[in-house]
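Visitor: kindly generate the corresponding structure for this input.
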Amino acid sequence: MAETNGLSLWILCLILQLVLSSASTPTPCPKVVDHKYFNCSHHSLEEVPKGLPSTLEVIVLSHNRIRKLDDDSFQGLHNLVQIDVSYNSISKISTAAFNHLTKLETLILRKNQLHEAESAYRNKPILSFHPQDLNCDHKIPLYIWIVIGTGLILTIIITIAIVKKRYYIKYLYYVVRAHTKGYQPLDNEDNNYVYDAFVSHSSEDEKWVKDMREKLEKENGFKLCFHKRDFDIGKPIATNIIESIDASRHTICVITEAFLDSGWCKYELQFALSRLFKERKEVIILIFLQKIPDQLLTDQLKVHRLIRRFIKDNTYIEWPHNPDEELAFWEKLKDSLR
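Guide: Next comes the predicted model:
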């Protein structure tokens, strides 16, 4: 019984091997009956048959195992109008495969491994078909990577520049907008300023600023410009800032951590720095109420510290922790405003 089962299994394997072998082995094409039409599909062909009559106009070689089309694949078949090589395994087409086929109108390549050819050359003239332009491996050409990389680098550089210079860009925007609305800076060549100083400060430091106002205005006769008191109602804040800084001989910046957290305070500092660069005069007075860690300082304050090396030291004043030194502080501030 066991020998019978073994024999049956051996016969089954043999039959299966014969079937697979016959399916994968190329079979001869039928003889050419119609000298204009030839069909040799489903024959497991691995290349275009040779020796076909030159009178053929249509050749169908679909559902085979053709992997490439060489320069001589259709040699002598100069009357071909249509070629169907669909459902094969074509992954390479020679650059001169169709050069001599001047009458060729239709080339069917669907279901091969030339995936890009299916969309890139569909419904286009055969003369526009250039196999060397195909990207069968789906690799992005080097020049495209160069363009993408260059664009990415430029985008990063521009983004960094915009982030680092955002306050200055905002400043330029507000200046241009103010000028388009008819604003003109004061002519202060003869020191005809409206204010001795514009005071830039955080609302959290209002109490100290109020004491400063008492000291400078009521006790010493200086005229200061403050947001809440002197800004024109109805005007945009940015326009008020530009006009007030331009109308003031100096800009006093009361530096605290709250100041550094305020967007408008940093705008005001940037406006004042722009005026410093423009007029090349001592126009900014920094008053540090707190000891500010260097990592918290904005780029504008770091720039001003560099500038301070080349200008008078009286533009940089620290509020003393010792009450006995407060009198000297006020005298230095008054001296800076004169």
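
Visitor: could you pull up the residues touching the closest residue to Ile255 other than its chain neighbours?
Guide: Distances taken as CB to CB, 6 or more residues apart in numbering put Phe288 closest to Ile255, at 4.8 Å, once the chain neighbours are dropped. C-beta here means a position set from N, CA and C on the backbone, and glycine is covered the same way. Counting by CB atoms under 8 Å, 6 or more residues apart in numbering, Phe288 touches Ile255, Tyr316, Ile317, Glu318, Trp319.

Visitor: sec struct for the third one, please.
Guide: In terms of secondary structure, Ile317 is strand; the call rests on DSSP: H, G, I helix; E, B strand; the rest coil.

Visitor: find the nearest non-adjacent residue to it, please.
Guide: Ile317's closest residue in space is Ile287 (CB to CB, 6+ apart), at 5.1 Å.

Visitor: so that neighbour is in which element?
Guide: strand 284-288 (DSSP states H and E).

Visitor: note down every partner strand of that strand and its orientation.
Guide: Here strand 284-288 has these sheet partners by DSSP bridges: strand 248-255 (parallel), strand 316-318 (parallel).

Visitor: could you tell me the least trusted of the ones you listed?
Guide: Comparing mean pLDDT over the strands paired with strand 284-288, the weakest stretch is strand 316-318, at a mean of 79.

Visitor: by mean pLDDT, point me to the weakest helix or strand of this protein.
Guide: Ranked by mean pLDDT, DSSP states H and E, the weakest helix or strand in the chain is helix 115-120, scoring a mean of 48.

Visitor: ok, now which ones touch Asp261?
Guide: Neighbour list for Asp261: Ser202 [criterion: CB under 8 Å, 6+ apart].

Visitor: quick check, pLDDT for Glu206.
Guide: Here, the pLDDT recorded for Glu206 equals 88.

Visitor: how about the secondary structure of it?
Guide: Using three-state DSSP, the structure places Glu206 in helix.

Visitor: tell me, how many residues neighbour it?
Guide: 13 (other CB atoms under 10 Å).

Visitor: follow-up on the earlier one: export the contacts of Phe288 to JSON lines and append columns for distance to Ile108 and neighbour count.
Guide: Supplementary listing: those in JSON lines, determined by distance: CB to CB, whole Å; neighbours: other CB atoms under 10 Å:
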{"residue": "Ile255", "distance to Ile108": "77", "neighbour count": "27"}
{"residue": "Tyr316", "distance to Ile108": "82", "neighbour count": "17"}
{"residue": "Ile317", "distance to Ile108": "86", "neighbour count": "19"}
{"residue": "Glu318", "distance to Ile108": "85", "neighbour count": "15"}
{"residue": "Trp319", "distance to Ile108": "87", "neighbour count": "18"}
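
Visitor: so where do the helices sit in the stretch 1-150 of the chain?
Guide: Assigned by DSSP state H, counting those that start in this stretch, the helices in the stretch 1-150 of the chain fall at 2-24, 115-120, 142-164.

Visitor: worst mean pLDDT among the ones you listed?
Guide: helix 115-120 (a mean of 48).

Visitor: ok, the closest residue to Leu216 other than its chain neighbours - contacts?
Guide: Distances taken as CB to CB, 6+ apart place Phe222 nearest to Leu216, at 4.3 Å, with adjacent residues excluded. Going by CB under 8 Å, 6+ apart, Phe222 touches Asp196, Ala197, Leu216, Lys334, Leu337.

Visitor: restricted to helices, list those residues.
Guide: Among these, the members falling in helices (DSSP state H) are Lys334, Leu337.

Visitor: what's the closest of the contacts of Phe222 to Ser44?
Guide: Ala197 (95.0 Å; CB to CB).

Visitor: tell me how many other residues surround the nearest residue to the closest one once chain neighbours are set aside.
Guide: Take Ala197 and drop its neighbours on the chain: the residue closest to it by CB to CB, 6+ apart is His250, 4.2 Å away. Using other CB under 10 Å, the number of residues around His250 comes to 24.
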